[in-house]
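A.B. asks: Following is a predicted model, sequence given first.
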Amino acid sequence: MAGYILALDQGTTSSRAILYDDHARPIKMAQQPTTLQTPKAGFVEQDAQQIWQTQISCAHDVINLAGLLATDVTSIAITNQRESIVIWDKQTGKPLAPAIIWQDRRTASYCKTLAAESAHGHDFNANLDGMNESDGKNNEQNGKQGNMAQEVQRITGLRLDPYFSASKIAWLLENNPKLSVRASRGEIAVGTIDSWLIYKLTGGEHVIDVTNASRTLLFDIHKLEWSEALCARFSIPMNILPKVLPSDGDFGKTKKGLFAKQIPIQAVLGDQQAALFGQGCLDAGMAKNTYGTGCFMLMNIGQQPKLSEHKLLTTIAWQRKSVPTRPDNLSFEQIVQSGMRILQPPKKEVTYALEGSVFMAGAIVQWLRDNLGMIQQSHEVEDLARQVDSSEDVVLLPAFTGLGAPYWRSDISASITGMSRGTTKAHIARAALEAVAYQTYDVLIAMQKDSPHPLTELRVDGGAANNDLLMQFQADLLDVPVLRPRDTEITAKGAALLAGLKTGLYDETTMKDSWQVDRIFEPSMSADAREQHLEKWQQAIQRSLMKI
């Protein structure tokens with residue numbers, strides 16, 4: 001069966017489109033940058049229209065680059081930055097506010113207030129109106145006490161943190177009274193980036209994939225539906241939320257005139273879940289780490305959700321429709337004679353994952369490049385870091401937007417400690433790379449405590465996974481092999497594989513054959529050296545905590 005999968009990969013800093021052939025091999029890629037705006041401290045926004053325009057432009061470009069026609073494309077797959085939200089007019093399809101990006105921290109004090117509230121209280125929407133000033137002041141509790149944070153975790157598997165979508169949506173509605181009125185009338189729509197792209201591609205479908213829904217802080221991962229209680233708590237009308245579909249659901253077809261034919265959208269996954277799928281981590285206990293703008297480690301934990309006891313997230317990895325099967329392998333004649341259904345209806349099988357989110361990974365290197373001018377191109381950081389054998393006592397604590405898992409401290413600031421007169425930019429560059437590996441180590445330790453499955457290897461992807469110095473240091477810290485595949489652009493590939501399986505273009509053999517190892521980084525550091533490194537890192541963390 002010939003055909004191509006068009007994977008749309010909408011990330012934090014760029015939109016990309018990649019074409020995959022009938023063996024899941026990437027043929028061509030088109031990419032365009034997107035612009036982040038930071039109008040105030042803690043605010044991180046994007047132009048939603050730019051997100052759409054760059055993404056559709058890349059889709060057209062990659063088909064032309066490959067010398068193909070849209071009629072050659074079997075299916076579209078989408079993977080996207082998660083937690084970021086867009087709000088738009090249901091009739092015109094025009095965005096009504098800037099997209100609020102996952103890195104945005106404007107609701108930090110609000111989330112902190114909510115976290116201490118009674119889970120059965122009623123004043124859930126208090127003090128949103130003061131959040132447009134990032135002054136760090138906490139709001140009064142009015143005597144309320146309790147455990148709202150635990151209730152949120154129980155329902156969603158997540159933490160009550162500004163990282164997720166709910167408080168972003170609540171902020172928009174509270175700070176834009178006209179939007180709030182229109183929301184109550186059902187005139188507006190809100191969604192994560194996948195939902196926004198599907199709406200624009202199809203000309204009106206308001207849907208969301210289950211993995212992205214599970215990142216909103218509004219979705220019950222046990223019942224697999226929007227939580228009425230949480231929507232009420234955040235004062236978010238449920239009629240503005242999209243319909244939730246399985247990851248390999250039928251998301252609609254592209255509207256007439258967008259391409260030479262109407263192409264079905266048949267797979268959607270949040271970027272980290274797509275990477276887990278693309279890395280072939282289909283069995284419980286398998287884990288991957290994506291080194292992108294942030295750093296995200298996910299471990300497949302099977303078909304039962306387990307809430308973390310060590311400040312990690314429980315999230316939906318994917319939901320797939322099982323293939324319809326004949327009952328008990330009976331013959332066609334036996335089934336007809338018994339009056340049974342020829343095919344059992346497909347089940348929507350859910351796989352869950354534990355996740356640790358590190359907010360700053362490749363973004364640290366971008367900071368060295370753009371803010372300090374230490375390098376001209378991001379890939380130059382490895383050569384700079386190799387100019388010294390050690391970072392010595394220098395530690396870069398990359399808490400530019402607070403610390404993610406397993407600390408979840410939005411009040412910690414970034415710092416560089418341990419410098420002397422002999423410190424050079426090479427020491428700082430090496431400390432920057434080490435900071436990425438240290439944060440990953442902290443997440444893994446928490447993950448090992450939560451999961452009954454010991455980690456025997458770590459599969460890696462993302463741009464920074466091509467940094468050999470970083471990958472070796474990561475293997476040394478974790479004391480397990482780090483496996484880098486030949487294709488490190490695994491996020492788009494994961495979504496493409498799911499679409500190919502859905503359409504029948506791919507089978508399980510294609511899935512296995514598509515993952516090939518490029519290099520295995522074996523741990524070589526002594527136990528004493530490892531302990532010295534980790535002690536240096538922990539001392540830097542503790543110093544920052546003591547300042548608060």
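C.D. replies: Cool, the structure landed. Residues are numbered from 1 along each chain as shown.
A.B. asks: I'd like the distance between residue 488 and residue 516.
C.D. replies: Here residue 488 is placed at a distance of 12 Å from residue 516 (C-beta to C-beta, to the nearest Å). For the C-beta atoms, the positions are set from N, CA and C on the backbone; glycine is no exception.
A.B. asks: Equivalent analysis for residue 167, please.
C.D. replies: 42 Å.
A.B. asks: Likewise for residue 109?
C.D. replies: 48 Å.
A.B. asks: before we move on, back to that, compare residue 488 and residue 516 and say which is more crowded by neighbours.
C.D. replies: A direct count of neighbours by other C-beta atoms under 10 Å for residue 488 and residue 516 places residue 488 higher, at 19 against 9.
A.B. asks: just checking, that one touches residue 459?
C.D. replies: No: the pair residue 488 / residue 459 is not scored as a contact, 10.4 Å apart, by C-beta atoms under 8 Å.
A.B. asks: Any stretches of the stretch 201-350 of the chain with poor pLDDT?
C.D. replies: 322-348 (pLDDT under 70).
A.B. asks: Quick check: bridge partners of residue 356?
C.D. replies: Beta-bridge pairing for residue 356 (DSSP bridges): residue 297.
A.B. asks: And the contacts of the helix or strand containing residue 54?
C.D. replies: Following DSSP states H and E, one finds residue 54 within helix 48-65. If you take C-beta atoms under 8 Å, 6 or more residues apart in numbering as the criterion, helix 48-65 is touched by 6, 8, 10, 14-19, 28-35, 69-70, 72-73, 86, 88, 94-95, 98-99, 193, 196-197, 200-201, 258-259.
A.B. asks: Separate out the buried members of the residues you listed.
C.D. replies: 6, 8, 10, 15-19, 28-30, 34, 70, 72-73, 86, 88, 95, 98-99, 193, 196-197, 200-201, 258-259 (16 or more other C-beta atoms under 10 Å).
A.B. asks: Now do the longest helix anywhere in the chain: which elements does it pack against?
C.D. replies: If you go by DSSP state H, the chain has its longest helix at helix 425-450. Applying 3 or more C-beta pairs under 8 Å, 6 or more residues apart in numbering; DSSP states H and E, one finds that helix 425-450 contacts strand 287-291, strand 295-302, strand 348-358, helix 362-370, helix 380-385, strand 395-397, helix 468-478, helix 527-546.
A.B. asks: Mean neighbour count and distance to residue 59 for the ones you listed - can I get that in CSV?
C.D. replies: Listed next are the helices and strands packed on helix 425-450 as CSV, based on neighbours: other C-beta atoms under 10 Å; distance: least, C-beta to C-beta, whole Å:
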stretch, mean neighbour count, distance to residue 59
strand 287-291, 29, 23
strand 295-302, 26, 25
strand 348-358, 23, 28
helix 362-370, 20, 25
helix 380-385, 19, 31
strand 395-397, 24, 38
helix 468-478, 21, 32
helix 527-546, 14, 43
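A.B. asks: ok, back up a step: okay, and which of the buried ones among the contacts of helix 48-65 map to strands?
C.D. replies: Using DSSP state E, 6, 8, 10, 15-19, 28-30, 73, 86, 88, 99 are the members of those that sit in strands.
A.B. asks: then stretch 295-312 to PDB, C-alphas only?
C.D. replies: The C-alpha trace of stretch 295-312 is given here as PDB (Å, rounded to 0.1, in the frame of the first residue of the first chain):
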ATOM      1  CA  CYS A 295      13.300  18.400  29.100                       C
ATOM      2  CA  PHE A 296      10.600  15.800  29.500                       C
ATOM      3  CA  MET A 297      11.000  12.200  30.800                       C
ATOM      4  CA  LEU A 298       8.100   9.800  30.300                       C
ATOM      5  CA  MET A 299       7.800   6.200  31.500                       C
ATOM      6  CA  ASN A 300       5.100   3.900  30.200                       C
ATOM      7  CA  ILE A 301       3.200   2.500  33.300                       C
ATOM      8  CA  GLY A 302       0.600   0.500  31.400                       C
ATOM      9  CA  GLN A 303      -3.200   0.600  31.500                       C
ATOM     10  CA  GLN A 304      -3.800   1.600  35.100                       C
ATOM     11  CA  PRO A 305      -3.100   5.100  36.200                       C
ATOM     12  CA  LYS A 306      -0.900   5.400  39.300                       C
ATOM     13  CA  LEU A 307      -0.700   8.700  41.100                       C
ATOM     14  CA  SER A 308       2.800   9.900  41.900                       C
ATOM     15  CA  GLU A 309       3.900  10.100  45.500                       C
ATOM     16  CA  HIS A 310       7.100  11.900  44.600                       C
ATOM     17  CA  LYS A 311       5.800  15.100  42.800                       C
ATOM     18  CA  LEU A 312       5.700  13.600  39.300                       C
END
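A.B. asks: Off-centre distance for that stretch?
C.D. replies: 14 Å (C-alpha atoms, centre = their mean, to the nearest Å).
A.B. asks: Stretch 378-390 too?
C.D. replies: 28 Å.
A.B. asks: Then stretch 433-452?
C.D. replies: Taking mean C-alpha positions (C-alpha atoms, centre = their mean), stretch 433-452 and its chain are 17 Å apart.
A.B. asks: Could you report the neighbour count for residue 494?
C.D. replies: Residues lying near residue 494 (other C-beta under 10 Å) number 30.
A.B. asks: Tell me the pLDDT of it.
C.D. replies: pLDDT, residue 494: 95.
A.B. asks: Quick check: the gap between it and residue 59.
C.D. replies: Separation of residue 494 from residue 59 (C-beta to C-beta) stands at 18 Å.
A.B. asks: Residue 46 too?
C.D. replies: 18 Å.
A.B. asks: The one helix or strand residue 171 maps to vs strand 85-89, what angle?
C.D. replies: Assessed by DSSP H and E, residue 171 sits inside helix 165-175. Per axes from the mean of the first three to the mean of the last three C-alpha atoms, to 10 degrees, the angle that helix 165-175 makes with strand 85-89 is 40 degrees.
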